[in-house]
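**Q** model this:
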Amino acid sequence: MVDYSLENLREAGEGNRTELLHNKSKTIAESKFLSFLPQDKDRLMVADAVCLGCDGFLTTDYKTILKFRSQLSKSTGLTAFSPYEYWKVLRKWVALYL
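**A** Predicted coordinates for the structure are as follows:
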């Protein structure tokens, strides 16, 4: 489903991409694909990330998204990070930018 959505976005003209992305995200959010997330707004944000081809999802939402991170990873391939966890990943690369 995700690959199909991304292919449609690539083929769409520039003017149609926003509308197409919104429709695909809404379809994914309303499906059983993300039903383990209790809130509609969380499902829509995650669906947007999936449709945009993101690898990670940065959030401070410990009550829902981070609580269900293993299910999120299994169903979408997204890795959910808290800011501190993301900093631990980035910290080893900081010297390259100084």
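**Q** Please, where are all the strands along this structure?
**A** Applying DSSP state E to the chain gives strands spanning 56-58, 79-81.
**Q** Leaving out the residues flanking it, which one is nearest to the most centrally placed residue in the chain?
**A** When CA atoms, centre = their mean is applied to the chain, the residue found nearest the centroid is A49 (2.8 Å). Distances taken as CB to CB, 6 or more residues apart in numbering place F57 nearest to A49, at 5.4 Å, with adjacent residues excluded. The C-beta positions use only the backbone N, C-alpha and C, and glycine is treated the same way.
**Q** Okay, and the beta partners of that neighbour?
**A** On the basis of DSSP bridges, F57 is bridged to A80.
**Q** Point to the helix or strand of this structure where mean pLDDT is at its lowest.
**A** helix 2-11 (a mean of 56; mean pLDDT, DSSP states H and E).
**Q** remind me, longest helix of this structure?
**A** The longest helix of the chain (DSSP state H) is helix 14-30.
**Q** which other helices and strands contact that helix?
**A** Here helix 14-30 touches helix 2-11, helix 40-51, going by 3 or more CB pairs under 8 Å, 6 or more residues apart in numbering; DSSP states H and E.
**Q** tell me the most buried of the strands of the chain?
**A** Of those, the one with the most neighbours on average (mean count of other CB atoms under 10 Å) is strand 79-81, at a mean of 19.
**Q** who touches that one?
**A** 55-59, 65-66, 69, 72-73, 89 (CB atoms under 8 Å, 6 or more residues apart in numbering).
**Q** at 6 Å instead, please
**A** Contact with strand 79-81 is made by 56-58, 65-66, 69, 72-73, as judged by CB atoms under 6 Å, 6 or more residues apart in numbering.
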